[in-house]
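Visitor: here is my input, please return the structure:
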Amino acid sequence: MNSKTLSSWMLMAGPIVFFVVIMGVWSAVIGEGDTAAENVANIIDKPTLASILVMIGSIGFVSIFVGYALTAWSRADGSTTAGTLASVASLIFAGLAAISMGFTGAHFGVIGGGEENPVESAWIMAIIDNSFSAIFWFWALGNIILGAALFIEKKINNIGSLLLIIWGVLVVLMHFTVEIEDFPRIIGFIIFIGIMVVTIVFGFFNLKSESEA
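Guide: As a prediction, the model looks like this:
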């Protein structure tokens with residue numbers, strides 16, 4: 001198995017695992033509270049199940065960024081425009097992978113200490129909940145930069161690289177809607193689902209690409 005195969009399967013499997021476990025099973029079994037304190041209460045009510053879901057869901061979520069990082073790193077080359085852009089993208093996605101490990105792993109602290117330290121645990125949950133805007137901001141930038149690199153390189157189907165660019169731009173534009181009070185939440189949800197679908201589609205195109213690494 002080379003890096004192209006590994007990264008491609010990470011990109012295809014990661015979003016599916018994350019969506020099924022966190023958006024599906026977690027919401028149905030653990031539940032989503034309206035406040036950070038309610039989320040802590042939900043977690044400590046079922047600590048063992050919450051731990052299992054965090055373990056599986058975190059692997060899926062982090063795999064997305066590791067997959068992107070490997071894809072970009074395999075094309076990193078400071079002597080060309082595409083290679084330079086890929087180098088920048090690889091650093092962004094490596095950083096996102098590290099941050100995602102920290103934020104998803106922080107759930108274990110809440111699971112283990114939620115009852116003894118409810119206030120501190122609620123702070124941790126509030127930080128985790130509010131971290132996703134930053135994660136998606138840099139994810140969008142990484143997609144745009146990597147998409148541009150791949151479009152220039154021409155070793156992957158242009159549909160894959162253009163999807164990265166287009167959906168990256170959509171996520172960036174979403175960050176300009178924070179002051180619109182009546183902005184439809186369904187649009188944001190569609191864009192969120194879309195970036196997951198784009199990742200899966202891109203993983204498929206990457207697997208079938210001409211690149212050997």
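
Visitor: could you report the neighbour count for residue 202?
Guide: By other Cβ atoms under 10 Å, 28 other residues sit near residue 202. Bear in mind the C-beta positions are built from the backbone N, C-alpha and C, glycine included.

Visitor: is it true that residue 150 touches residue 82?
Guide: Yes. When contacts are counted by Cβ atoms under 8 Å, residue 150 is listed as touching residue 82 (7.5 Å).

Visitor: so which of these two has more stuff around it?
Guide: Taking other Cβ under 10 Å, residue 150 and residue 82 do not tie; residue 150 has more neighbours (30 against 18).

Visitor: so what's that one closest to, chain neighbours aside?
Guide: Distances taken as Cβ to Cβ, 6 or more residues apart in numbering put residue 161 closest to residue 150, at 3.9 Å, once the chain neighbours are dropped.

Visitor: quick one: neighbours of that neighbour, just the number.
Guide: Neighbours of residue 161 using other Cβ under 10 Å come to 24.

Visitor: pull out the buried residues from the helix or strand harbouring it.
Guide: Using DSSP states H and E, residue 161 sits in helix 158-174. Across helix 158-174, burial judged by 16 or more other Cβ atoms under 10 Å covers 160, 161, 163, 164, 165, 167, 168, 170, 171, 174.

Visitor: in terms of secondary structure, what does whichever helix or strand comes after it contact?
Guide: The helix or strand immediately downstream of helix 158-174 is helix 185-207, counting by DSSP H and E. Helices and strands touching helix 185-207, by 3 or more Cβ pairs under 8 Å, 6 or more residues apart in numbering; DSSP states H and E, are helix 3-18, helix 47-73, helix 118-153, helix 158-174.

Visitor: and those: which comes nearest residue 28?
Guide: helix 47-73 (10.6 Å; Cβ to Cβ).

Visitor: gap between residue 136 and residue 199?
Guide: Applying Cβ to Cβ, to the nearest Å, the value for residue 136 to residue 199 is 12 Å.

Visitor: skipping adjacent residues, who's closest to residue 144 in space?
Guide: Closest to residue 144 by Cβ to Cβ, 6+ apart is residue 168, at 3.8 Å.

Visitor: so that neighbour sits right up against residue 136, yeah?
Guide: No. Counting by Cβ under 8 Å, residue 136 is not a contact partner of residue 168; they are 10.0 Å apart.

Visitor: next one, pLDDT for the closest residue to residue 126 other than its chain neighbours please.
Guide: Nearest non-adjacent residue to residue 126, counting by Cβ to Cβ, 6+ apart: residue 36, 4.0 Å away. Residue 36 is assigned a predicted lDDT (pLDDT) of 82.

Visitor: re the thing from before, the residue nearest to residue 150 reaches residue 144, doesn't it?
Guide: No. Using Cβ under 8 Å as the test, residue 161 is too far from residue 144 to be in contact (10.3 Å).

Visitor: understood, closing this out.
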